[in-house]
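[1] Here's my sequence, what's the structure:
(chains A, B and C)
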Amino acid sequence: MRRRLGLGFCLAVGWIGLVLLAALLADLLPLARYDETLAGPPRSGPSLAHPFGTDGLGRDVLSRVVHGARVSLGVGIGAVLLGLGVGAPLGILAGYRRRATDAVIMAVNDVAQAFPALVFALAVVAFAGASLRNVLIVLGVLGIPSWVRLIRGATLTFAEREFVLAARVLGARDRRILWREIVPNVAVPAASYAFIGMAVVVVAEGSLAFLGLSVQAPTPTWGGLINEGRTLMEDAPHVVLAPSIAMFLTVLSFNLVGDRLRAMTDVRESGLEPVRQAVAAGPPAAAHPVRDTLLQVEELRTHFVTPRGVVKAVDGVSFTLDRGRTLAIVGESGSGKSMLIRSVLGLLPGSSVRDGHVYLSGDDLTTHGPAEMRSVLGRRLGTVFQDPMTALNPVRTIGTQVMEPLRVHLRMSRRQARDEAARLLASVGIPDPVRVLRRYPHQLSGGMRQRVTIAMALSCRPDVLFADEPTTALDVTIQDQVLRLLHRQREERDMAVVLVSHDLSVVARWADEVIVMYAGKVVERGPAAQVFARPRMPYTEALLRAAPRLTDPVHHELRVIPGRPPDLAGLPAGCAFRARCGYAQERCAIETPPLSAQDGDGHRQACWFPLEVAGPDPATAAQLTRPPAAGAPAPENASGVESRGR
Amino acid sequence: MAGSGKAHLRPRDDVLLRVEDLVVEFPAGRGRTVRAVSGVSFDLARGETLGIVGESGCGKSSAARALVQLPPPRSGSVRLDGVELTALRGDALRLVRQRLQMIFQDPVSSLNPRRRVRDIVGEGPRVWRLPGDRVDEVLEAVGLDPATAAERRSHEFSGGQCQRISIARALILDPEVVICDEPVSALDVSVQAQILNLLEDLKARYRLTLVFIAHDLAVVKNVSDRIMVMYLGKVCELAPGADLIARPAHPYTRALIASIPGGGSGLPPADTLISGEPPSPVSPPSGCRFRTRCPSAAARCAAEEPQIRQVGDDHWLACHYPALPVSSKE
Amino acid sequence: MIVVHRLVRLLVVLVVVTFLSFALLNLLPGDPVTQILGLSATEEARAQLVRELGLDQPLLVRYLDWLGGLLGGDFGTSYITRMPVGGELAGRLPVTLELLVAAQIVALGLAIPVGVAAARRAGRALDQALTALSFALLSTPVFVLGVLLILVFAVTWQVVPATGWTPITLDLGWNLTSVVLPAITLGCGQFAVYARLLRTDLIATLQEDYITLARARGLSPRRILWRHALRPSAISLITAIGLNLGALIGGTVIIETLFGLPGVGRLIVDSIFSRDYLTVQGGVVLISVGYVVVNFAVDLVYAAVDPRIRRA
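    Alright, predicted model coming up:
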C-alpha cells in the first residue's frame, strides 16, 4: 500500500509550506509595505531592493504577491474546510443510510448543482460586499454539492463491504460504525479531494478578483495583481509574471499533492505495450533438440523486476504436447500456472522479462515480432479465461465479438461471418444462436458466456486451445457441462488442449498428462491417471489429500499443508517446498532437485526423496508411504495449530 | 424439488435456532422483486453443524444474512433460544446479535484495511464495554501469534490468515451460533484444509453451533452433521451428511453429487441427471422449481409444489418423484 | 419509463432553481427603482414606478406571473432598458454556444488521440510528457492563459484579433478568427482534464480480461484500443464533459470579458450590477435549461455507450 510519494510531492509540499509561512508572517518579514506607492521607481525591473521589481505606482511587487497569498490561501483553505465540513457529513449520511435519506440529500444536491454558480457568487459578493469572509463563504458554499457527491461515492464503495456488515453483527451502533469503519476509509480520498479542491478555489478566487469581485483594493490579491499587470505587459512584464508564476506554482502544488494522495489508493498502472523488453537472467539454455511435435516449450522463464526483488513467476518450465491430447497444469494461486500460459502466448504485462523457447510445429514463437505473433494468436492458438463475467467486452454485442476473429483473420464477409458465428454458437450448445448474436454479455448467464468465449476461441480452428481455469467461476453442474464441451471439441477438431486448474480432481478426469507447479517450477509431471493415483512429489500428495472428498467420513480430519507458499521474490536455495514438507532433509535445503524420472514411464518429479509406494488410491497410498527418514525435521507439522485437538 | 413445508422441524428441547417460513426479497429494478429465499424452514440443535449447500442464486447466503436480521427477512420467523428475532428492534436486536456471529466469504473485504488486527478483533468487547482483554487469547486460539500479528493491518496477511482474524473477531464475544458464509471458497486448497480443521477444533473447544454455507458439497460434508440442499430459494433435501451422499433421493442432489469430479460413484453421468441453466429468480417456474432441468419431471411437477416429507431416518425430501422408494426407512 | 422519470425530475429542478434565483435577487439590497430614478426621486414617483413594474405584488405572485409568461415564450421586459429580455438573450446566446462548442472541439480533438496514445504506452516518454503538460495546463488559470495567448498571437504575431466578435451571419471567416483564440484558451484546460481522465480509465480497461483475450485472439493494438477499449473507458469522460458544459453556460464570463465577446456571461454580470433582475432571471433560465438538457443528453449517451445502463 505505502508507496514512495516521489520528489515532485516533496517539492510541492515544500512550496505550499513556504507560501503558507510567507503569508502568515507577511507583516514580520523585512518587506516594503504593499500599499506604499513609490517605494521604488515605477515599473522598474527586479533589483536588490525590490527582488520582483515594482509596479506602475512604484509599489513593491514581492510584498504585494506575499500579501496576496494571504487572500488566496486563506480563501482556499477556508472554503475547502467549509465545503468539507458541510458536504462530508451529508455525503457520508447519504452513502451510508441510502434509501430516503439519500434521495432527499441528492435531490437537494441536484438543485444546488444546477443553480448557476456565477449568479450566486455575483449576487452575494456584489451586494454583501467583497470581504475576505464573504468570498470565502461564497466559494465554500459553491463547493458543497461536489463534496456531497464525492464523499457519498467514496462512502458507497465501503458501506457495501463485509467489514461494515461484520461490525453490525457485533452489535455496534451506527454512530460507532461511521466513525470507526467508514470515516477512516473515506479520509484518504477526502484528503486528496481537499488538495485538488484548494487548487480549484485558488483559481476561482483569482477569477473573481480578475473580474474585480474579490477582496477590494488596497488589499492585493493574485487575480487582482494579474489584472492590473495586464496593461503593463509590454514594458513591465514582471508585474504580471510574478503573481502569475506564484499562482501557477501554488495551484500546481495543490494539484500534485492531491494527485499523489489519490494514486496511493489507485490500481497499478501499465499500458497495452511493454515498457521495455529485456532477457530474463537465467542459466544459459542448454542445447535442445526441436522435436517433431505440435507444441514444445523449452526452459521458459518469466521474471518480474519489482522493488522487492526479482519475482520468478515462471522458472524454467519445459513440456511438449501432441495433437489430440490434453495437458493439465495444476497448482495453487501464485504457483505460476496462469503466468506460464501468458508467457507461452507472449501476453505478459510490461514489467516482465521472458526467456526460453516456444515451438509451434517447430517454429520458434519467441523469435516472432508482434505482427507475426498476431497471425498465430487466435488462428493457431485459442484462449479461454477463468471468469466469463470479465472475458467478454461488456459494451459490444456477442455477434460483433464472435464475428471479429472471423473477419480479421479469415477475411470473411459480414454475412459469411454472421452465419459462421451462429453455427459456432450452436456447436457449443447455445440454444437459439441467431438471437444470442444480437445480445450483450450481461444478458447471458455465466455458463452461456463461457460457451461464447469457447466459441470465440475455436472460431479460427486453432491447433492448441489454452483454457485457464475455464470452470472455476462456474457452478458445479455447469462446470461439468463446460468440461464435457471442451473434451468433445478436442475430439471433433483434433486439437491439443492445455487445461489450467487449481483443482487436481477436475483435471484428473479430462487430462492425458499433468504438470504440477509450485513456486514457478514444475515439481511433478506425468500421465494424469498415474500422477493422480500415485503421486511421487510430497506436495502433489498433500494437495490431493488436503481437499475434502465426498467419500471421506463426516468430520474427517483433513491433512493440511502447513505454512503458506513462499515469497517468489526471495526464494531460498534448494527445494521451494521443503519448509512445508514432512519429508525434508538437509539436502533439500542445499540443492534444488531436478525433474527426474524413476523409470521409463514418463512420470517425473523434482524431489530428492520421492514417495515410492504404489497404491490404487492416494488416500490409502499415503498411509503406506514411508515415514520421514530419521533426523528429518518436520517442525511445521508438529504445530498444534494446524491439526485438530479432538 | 424446491419444496416448502415444516415437517422436518424437530420438536426437541435442545433446538437452539428455529427458522420457519423464511422469505427474503430484494428489489430487482423496474418495480420487480426477486424472492431470494422463498419459505425455508430449518432448525439447529445445540452443538450441531448444519451445512447449507447449493449453487449461486439458491438463496443460501441471503438466508444466512436474514438470520442476523441484516436485512430482516420479508416474513417468517427466526427464533434463537425461544426469542423471536424478527420482532426485535434497536438495542434489543443489537444485544442479541452478540450471540449470533458471522464469518464471510471474502477474507480481504471482511477486514477494515485502516485498522490494526488488535482493534478489529477487540471491537466486539469495546462495543459492549466488556471487562478484560481477550484479544491475545482468541488470536492464539485461531493460530496467530498475538505478539507479531496484533499490531499489523490486514494487507500484511494472506487470505487464510485474514480468515483466521475474522474467526477471532466472531469468537471473542463467545457467541452461541456462528454462521459461516462460504468461509473457505476464496482460499487455496491447502489453506482451506487449515481453516476447516480450525473451525472443527474451535467448535469443540467453545461448544459452538454452526451454520456452514458453501457451494462445495465435499467441503460441507466434511464439517456438517446435517446437510440442507437448496435450489432457487427452496429446500430440496435435508439429511445427515453420510446418508445424503450415500442415498441421495432428490434429482438435484443426485446431479450435484454426480457433477463433482471423482464424486458420483454409482450415479449415472451428470449430463444425464441435469440439463440447461438455472431459470431466472425473478420469474421462477411454477410448482417444483427444479422441474425445468429435471430429467424425471412430469405434469404434476408443474402444477403442484412438492411438500417436504420424511423418506428415511432423519432424511427429508421435497420431490414428487424421488429416486428412492419413499418407504425405504432403515 | 425511466426516461420520463428522469425528465420530470429535471423539470422540477428547473422550477426550483428559477424560483430560488428569483427570490435571491429580490432579497438583495438595492432595487431597480432606485437604479432607474436615482436617489433623489420623490416617494410618489417611486410608488408609481413600483406599481408600473408590478413590484408591489408578493414575490410568489410575481414569480408565477413570470413563469406563466415564460411558458408562453415571454422572458419579460427589462426594467432598466425597457427592451424584451428574450431578444437580448437570443442575440447573446449564439456567441456563448459557439464558444462552448468550439472549445469542446478543441479539447476533445486533442484529448482523445493524446489520451489513447499515452495509455497505449503508459509510463513512457509521451505519457510522462502528457502528465506534465496536463498538470501545467490544469494549474494555469484561464485568465492567465488567455493573457499569454493574446500576448503571443494577437499582440506579437498579430495572426488573430485580440478582442471583438464577428457574428457568423456576417462573415464566416472573420467569425472563425474571432472565436479561435477564446476557444483555444477555454479548450486547453479542458483538454488536460479530458486527456487525463481518458488515459486513467483506458489504463484500467486495458487490465481487463477481455482486453488480454482480444490480444490472445491476435488483434492489432490499434483495433483493441479504438474498438474494444475506448468505449468502455468513456464514462468518466462523458461525465466530465457534461459537468463542464453544464457549468460553463454562463461560466464563460472570464473569457468573454478577456476577449470582449458579447456573450451570456457578460450580460448576466452587467445586469446584476444594474439590478436588471429580469435579464438576470432570463440568464438563469438559460443556464438551468442548459444544465437540464446536458444532463439528459449525458444520460442518453451513457446508455448508448454502455448497454448495461439501459436496463438499470
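[2] per-residue pLDDT, residue 75?
    Going with chain A. Looking at A:Val75, its pLDDT is 90.
[3] nope, chain C
    80.
[4] Verify the contact between it and C:Gly86 for me.
    Yes: applying C-beta atoms under 8 Å as the test, C:Phe75 and C:Gly86 come out as touching, 4.0 Å apart. The C-beta positions use only the backbone N, C-alpha and C, and glycine is treated the same way.
[5] is stretch A:323-330 anywhere near chain B?
    No: using C-beta under 8 Å from any C-beta of the partner chain, stretch A:323-330 never reaches chain B; the gap is at least 10.2 Å.
[6] hey, where'd the helices end up in the stretch 101-250 of chain B?
    Under the criterion DSSP state H, counting those that start in this stretch, the stretch 101-250 of chain B contains helices at B:117-127, B:135-141, B:146-149, B:159-171, B:189-206, B:217-223, B:241-246.
[7] right, and those - which one's nearest B:Leu267?
    helix B:241-246 (10.4 Å; C-beta to C-beta).
[8] how about the following helix or strand past that closest one: buried residues?
    Later in the chain than helix B:241-246, the nearest helix or strand by DSSP states H and E is helix B:251-259. For helix B:251-259, a neighbour-count test (16 or more other C-beta atoms under 10 Å in any protein chain shown) marks B:251-259 as buried.
[9] Sketch out the low-pLDDT regions of the stretch 1-150 of chain B for me.
    B:1-3, B:29-30 (pLDDT under 70).
[10] next one: the stretch 151-300 of chain A
    A:265-287.
[11] how about 80 then?
    For the stretch 151-300 of chain A, the stretches flagged by pLDDT under 80 are A:211-218, A:230-237, A:262-291.
[12] cool, and the stretch 51-200 of chain C?
    Ranges of the stretch 51-200 of chain C meeting pLDDT under 80: C:51-57, C:73, C:76, C:78-82, C:122-123, C:154-156, C:158-175.
[13] in it, what residue is nearest chain A?
    The minimum distance from the stretch 51-200 of chain C to chain A, using C-beta to the nearest C-beta, falls at C:Ala122 (3.3 Å).
[14] So what's the residue count around A:Thr400?
    When neighbours are counted by other C-beta atoms under 10 Å in any protein chain shown, A:Thr400 registers 17.
[15] A helix includes it, no?
    Yes: counting by DSSP: H, G, I helix; E, B strand; the rest coil, A:Thr400 is part of a helix.
[16] Next to chain A, which bits of the stretch 51-200 of chain C? Give me the list.
    Residues of the stretch 51-200 of chain C lying near chain A (C-beta under 8 Å from any C-beta): C:119-124, C:127, C:135-136, C:138-144, C:147, C:151, C:155.
[17] out of those, which are buried?
    For these, buried by 16+ other C-beta under 10 Å: C:119-124, C:127, C:135, C:138-144, C:147, C:151.
[18] for stretch B:122-134, which positions count as buried?
    Here stretch B:122-134 shows B:122-125, B:127, B:134 as buried, counting by 16+ other C-beta under 10 Å.
[19] And those residues, which is closest to C:Asp56?
    Looking across the buried residues of stretch B:122-134 and measuring by C-beta to C-beta, the closest to C:Asp56 is B:Val127, at 62.4 Å.
[20] Give me the neighbour count for the closest residue to the closest one other than its chain neighbours.
    Leaving out its chain neighbours, the residue that sits closest to B:Val127 by C-beta to C-beta, 6 or more residues apart in numbering or on different chains is A:Ala172, at 4.7 Å. Other residues near A:Ala172 come to 23 when the count uses other C-beta under 10 Å.
[21] ok, now the one 5 residues further on?
    Residue neighbour count, defined by other C-beta under 10 Å, stands at 22 for A:Ile177.
[22] Now do the SS call for the closest residue to it other than its chain neighbours.
    Of all residues not flanking A:Ile177 in the chain, A:Ala167 sits nearest, at 4.9 Å (C-beta to C-beta, 6+ apart). Of the three states, A:Ala167 takes helix under three-state DSSP.
[23] which ones are touching A:Ala167?
    A:176-177, A:180-181, B:123 (C-beta atoms under 8 Å, 6 or more residues apart in numbering or on different chains).
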